[in-house]
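Next input, structure requested:
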Amino acid sequence: MPKLLTLPEVQAHLRVSRATVRRLIIRGQLPIVKVGRRTLVTRQALDAFVRHQQVRRDPDAQTDAPT
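The predicted structure is shown next:
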């Protein structure tokens, strides 16, 4: 059974506001599980969200620093 997180736990993990977590859910970026009136997020869904948010830097990209 997957680990289920409450919205305050998701908020703490991402270090964002409650409004941001709700916005991610409304936009469909963060899938939820409803258990009765409780809104929960699986740990797997949260980990997948974080993985998709990672920014990969192009090693060939120009930098603003003088050479």
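
mean confidence for the strand ranked longest in the chain?
With secondary structure taken from DSSP state E, the chain has its longest strand at strand 38-42. Computed over strand 38-42, the mean pLDDT rounds to 98.

So which elements touch the following helix or strand past it?
Counting by DSSP states H and E, the next helix or strand C-terminal to strand 38-42 is helix 43-53. Here helix 43-53 touches strand 4-6, helix 7-14, going by 3 or more C-beta pairs under 8 Å, 6 or more residues apart in numbering; DSSP states H and E. (C-beta placed from N, C-alpha, C; glycine too.)

So which residues make contact with the last one?
Helix 7-14 is touched from outside by Leu5, Ser17, Arg18, Thr20, Val21, Arg22, Leu30, Thr39, Leu40, Val41, Leu46, Val50, with contacts defined as C-beta atoms under 8 Å, 6 or more residues apart in numbering.

Okay, now the unreliable bits of this protein?
For the chain, applying pLDDT under 70 flags the ranges 58-67.

about what we covered before: would you mind putting the CA coordinates of the longest strand of the chain into PDB?
Taking C-alpha atoms only, strand 38-42 is exported to PDB below (Å, rounded to 0.1, in the frame of the first residue of the first chain):
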ATOM      1  CA  ARG A  38      -9.700  13.900   3.300                       C
ATOM      2  CA  THR A  39      -7.500  14.900   0.400                       C
ATOM      3  CA  LEU A  40      -4.200  12.900   0.300                       C
ATOM      4  CA  VAL A  41      -1.200  12.600  -2.000                       C
ATOM      5  CA  THR A  42       0.700   9.400  -2.500                       C
END
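
what is the orientation angle of that strand with helix 43-53?
Compare the direction of strand 38-42 with that of helix 43-53 by axes from the mean of the first three to the mean of the last three C-alpha atoms, to 10 degrees and you get 60 degrees.

Just the buried ones among the contacts of helix 7-14, please.
Among the contacts of helix 7-14, those classed as buried by 16 or more other C-beta atoms under 10 Å are Leu5, Val21, Leu30, Leu40, Val41, Leu46.
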